[in-house]
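> Let me see the structure of the following:
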Amino acid sequence: MQRYSFAKRWRLHVPIAPIVLLALSPIVVLIALATQEPLEFGSRNWRILGNTVGLTALTVLGAVAIGAPLAFATTCLKLRRAGLVLAMLVFPLAVPSYIGAFAYFAATGPGGEIETLFGIAPPEVRGLFGTAWVMTLYTFPFVVLSVRASLLRLDAGLVESGRTLGLTPLGTLSHVIFPRIRGGIASGALLVALYTLSDFATPAILGFDTFTRAIYVEYNAFGLSRAAWLSLQLLLLVLVVLTFESRAKTVRENPGRTLRWNPLPATKFCIFISTTLIWISSVGLPFVLFFVWIKREGVRSFEPSILLHSVVPAGLAAFCAVIVALPLAQAASYGGRTENWMLRLTSFGFGIPGIVMGTALVYVGLHLPWMYQTTAMLVLGYVLRFLPLATGSLREGLDRLENSLSAAARSLGASPFETFRRVKLPLIMPAALSGAALIFLEAMRELPLTLLLRPTGMETLTTRLWQVYEAGYFGDAAIPGLLLIFTSFIAMLLFIRTERLLRLAPEAET
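Numbers count the residues shown, from 1 in each chain. Just a heads-up that it's a prediction; the model follows:
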């Protein structure tokens with residue numbers, strides 16, 4: 001870490017301070033809005049709190065129960081085409097959970113598409129358990145990836161030593177493996193909890209009353225103060241999850257052989273069946289329904305401008321967020337405790353659910369008529385919400401730079417700007433593209449923020465899906481749903497590609 005003089009540190013803080021204040025402004029607005037009238041924590045609040053906590057707990061339990069064993073299977077067992085199995089398990093991340101909720105809403109129950117096609121009416125997927133099931137299908141990959149990362153760091157020699165000392169396979173799992181992957185399980189579980197708390201559309205479509213749905217109802221009833229009060233309660237739950245997430249630790253192992261076991265044929269069969277059923281439930285059902293609707297009703301009702309209205313704001317948000325994140329990442333990379341705290345304050349925006357961020361910015365827009373319901377306000381909401389994604393990627397890229405390269409450029413007479421443009425910028429470009437791809441992906445999928453902040457009359461892929469759900473014309477959801485999945489998949493491929501380039505880049509000097 002470089003050490004700066006007081007004057008240089010002060011110059012470093014000048015571009016960061018406005019960003020920090022802007023990132024914290026939604027919380028300040030919510031507090032001011034919630035205190036405009038006397039509010040109390042009544043029976044409805046207790047019911048919504050219980051529903052939200054219950055849904056989060058069930059989703060976390062389901063995601064861990066599915067994700068942890070499958071992570072072990074794809075990492076530590078010798079399987080044919082293990083890469084294909086892993087890809088099938090991770091693909092649900094490219095499908096927004098509300099698309100799955102929409103598919104289950106349309107397919108199950110009396111009169112659903114499954115009964116229309118096959119003559120059998122499965123039970124309705126609704127309420128607490130139905131919503132938790134759908135949320136689990138689209139969040140368990142978080143657990144798979146985090147537990148897999150912990151297992152790849154596990155030294156197989158420790159497991160072999162335990163077996164040599166007489167531990168049974170179950171004893172080895174509980175005394176050797178589990179203590180070293182519980183940090184990965186905790187990290188994945190907390191990501192699932194954060195996602196569940198922030199999700200608006202999935203509980204709303206499946207008829208389950210949580211904080212996000214209640215906030216939207218209050219907003220539509222012009223109860224901004226009540227919506228702000230509910231938003232602050234939800235933020236407290238999010239803050240609890242973020243606190244636990246910051247304390248989640250993973251055991252670091254010295255590099256060694258990755259654990260590899262030969263599974264029994266019955267185990268291989270169970271893994272194959274489980275992966276296939278999960279993939280059909282999470283990805284296959286929406287795809288089948290969309291193609292059935294296209295065959296039945298065609299594509300005449302879809303306007304190409306809807307795709308443009310989705311791509312342009314998301315692309316602008318990705319570009320602006322990378323530009324804004326650059327001074328933050330620079331300060332965090334070279335600064336000290338103050339800079340790290342400023343970075344954490346700006347990172348809190350990612351924990352703010354979209355419905356909460358939208359409520360605060362709507363109130364701001366009402367006092368700034370030139371910004372209200374404009375594309376600029378929508379892009380601002382995306383930037384504030386997803387800024388930490390760009391900051392994290394850029395910081396990782398800056399940490400990998402060799403300080404000697406910048407020093408050599410400065411010694412040859414290059415100005416600070418020229419050094420950045422000709423030396424640093426080309427080297428951190430993969431990190432910038434990685435952050436931009438993540439933000440583009442999230443902005444394309446973001447529903448509640450888009451519903452609240454979009455210009456009047458502007459439709460995006462997400463808002464089109466929501467309108468189709470409210471109107472009951474399910475066939476019109478096919479093209480927007482497929483395009484949303486396709487663009488999410490492309491953005492995810494770009495992110496994986498740039499992350500691979502980033503890992504291949506030379507490490508920074510220590």
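> how about the helices in the stretch 151-300 of the chain?
156-164, 169-172, 178-198, 201-205, 211-220, 224-247, 265-279, 285-297 (DSSP state H, counting those that start in this stretch).
> Which among those is found nearest to Ala23?
Ala23 lies closest to helix 224-247 among the helices of the stretch 151-300 of the chain, at 13.8 Å (C-beta to C-beta). Any C-beta I mention is one placed from the backbone N, CA and C, and that applies to glycine too.
> Using the three-state scheme, assign Ile490.
helix (DSSP: H, G, I helix; E, B strand; the rest coil).
> returning to that earlier point: nearest to Lys424, of the helices of the stretch 151-300 of the chain?
Using C-beta to C-beta, these put helix 224-247 closest to Lys424, at 29.1 Å.
> Between helix 178-198 and that closest one, find me the angle.
With axes from the mean of the first three to the mean of the last three C-alpha atoms, to 10 degrees applied, the angle from helix 224-247 to helix 178-198 works out at 170 degrees.
> Show residues contacting helix 224-247.
27, 29-31, 33-34, 36-37, 39, 45, 48-49, 52-53, 56, 186-187, 190-191, 193-194, 197-198, 211-212, 214-215, 218-219, 348, 351-353, 355-356, 359-360, 362-363 (C-beta atoms under 8 Å, 6 or more residues apart in numbering).
> List the buried residues for that helix?
224-235, 237-238, 241-242, 245 (16 or more other C-beta atoms under 10 Å).
> now stretch 270-286
Ile271, Ser274, Thr275, Ile278, Trp279, Ser281, Ser282, Val283, Leu285, Pro286.
> And the last one, how close does it get to Ile280?
Read that as Pro286. Separation of Pro286 from Ile280 (C-beta to C-beta, to the nearest Å): 10 Å.
> which residues sit in contact with Phe142?
By C-beta under 8 Å, 6+ apart, the neighbours of Phe142 are Ala63, Gly67, Leu93, Gly188, Leu191, Val192, Tyr195.
> nearest residue to it other than its sequence neighbours?
Leu191 (4.3 Å; C-beta to C-beta, 6 or more residues apart in numbering).
> Tell me, how many residues neighbour the one you found?
Per other C-beta atoms under 10 Å, the neighbour tally for Leu191 reads 21.
> got the contact list for it?
Thr139, Phe142, Ser146, Glu245.
> Would you check that the first one makes contact with Ala63?
Yes: in this structure, Thr139 is within contact of Ala63 by C-beta atoms under 8 Å, at 5.0 Å.
> Need the residues touching each of these two.
Common neighbours of Thr139 and Ala63 (criterion: C-beta under 8 Å, 6+ apart): Val192.
> ok, which pair from the buried residues of stretch 270-286 is furthest apart?
Ile271 and Pro286 (23.5 Å).
> Now do the phi/psi pair for the spatially closest residue to Thr267 that is not a sequence neighbour.
Leaving aside its sequence neighbours, Thr267 sits nearest to Leu77 (C-beta to C-beta, 6+ apart; 7.2 Å). Backbone geometry at Leu77, expressed as degrees, to the nearest 10, gives phi -110, psi 140.
> partners of Leu77 in the sheet?
Under DSSP bridges, the beta-bridge partners of Leu77 are Trp261.
> Provide a list of residues in contact with it.
Arg260, Trp261, Asn262, Pro263, Thr267, Lys268, Ile271.
> For the second one, grab the count of nearby residues.
Counted by other C-beta under 10 Å, the residues lying close to Trp261 total 14.
> ditto for the fourth one
Counted with other C-beta under 10 Å, residues neighbouring Pro263 total 15.
> in the stretch 401-510 of the chain, which spans are strands?
Remark: strands of the stretch 401-510 of the chain are absent; assignment by DSSP state E, counting those that start in this stretch.
> which regions of it sit below the pLDDT cut-off?
Scanning the stretch 401-510 of the chain for pLDDT under 70 picks out 401-423, 496-510.
> Doesn't Met371 belong to a strand?
No: counting by three-state DSSP, Met371 is located in no strand; its state is coil.
> if I pick the residue nearest to it when sequence neighbours are not counted, what's in contact with it?
Spatial nearest neighbour of Met371, chain neighbours left out: Met377 (4.9 Å); criterion: C-beta to C-beta, 6+ apart. For Met377, the contact set (C-beta under 8 Å, 6+ apart) comprises Leu361, Gly365, Met371, Leu453.
> part of a helix, is Met377?
Yes: assessed with three-state DSSP, Met377 lies in a helix.
> Could you measure from it over to Val356?
Distance from Met377 to Val356, by C-beta to C-beta: 16 Å.
> Surely Ile294 and Ala478 touch.
Yes: using C-beta under 8 Å, Ile294 is in contact with Ala478, at 4.7 Å.
> and the contacts of Met377, which two are the farthest apart?
Met371 and Leu453 (9.8 Å).
> any residues in contact with both of those two?
With C-beta under 8 Å, 6+ apart, Met371 and Leu453 have common neighbours Gly365, Met377.
> Which one's more surrounded, the two?
Between Met371 and Leu453, counted using other C-beta under 10 Å, the more crowded position is Leu453 (27 against 15).
> The more buried one: what's it in contact with?
So, once contact is read as C-beta under 8 Å, 6+ apart, Leu453 ends up touching Gly358, Leu361, Val362, Gly365, Gln373, Met377, Leu378, Gly381.
> Which of those sits closest to Leu206?
Gly358 (20.9 Å).
> Tell me, how many residues neighbour that closest one?
Residues lying near Gly358 (other C-beta under 10 Å) number 32.
> try the one 3 residues further on
Neighbour count for Leu361, taken as other C-beta under 10 Å: 25.
> For it, which non-adjacent residue is spatially closest?
Gly381 (5.3 Å).
> Between Ile294 and Ala478, point out the one with more neighbours.
Between Ile294 and Ala478, counted using other C-beta under 10 Å, Ala478 has the larger neighbour count: 25 against 15.
> what about Tyr382, which SS state?
helix.
> for it, what are its contacts?
Neighbours of Tyr382 in contact, by C-beta under 8 Å, 6+ apart: Pro313, Ala314, Ala317, Ala321, Ile439, Glu442, Ala443, Glu446, Leu449.
> biggest separation within these, which pair?
Ala321 and Leu449 (13.8 Å).
> before we move on, back to that, among the contacts of Met377, find me the one that's closest to Phe118.
Of these, the one sitting nearest to Phe118 (C-beta to C-beta) turns out to be Leu453, at 41.4 Å.
> For that closest one, which non-adjacent residue is closest in space?
Leu378 (4.5 Å).
> and that neighbour, how far is that from Gly351?
20 Å.
> repeat for Ala65
Distance of Ala65 to Gly351, computed by C-beta to C-beta: 25 Å.
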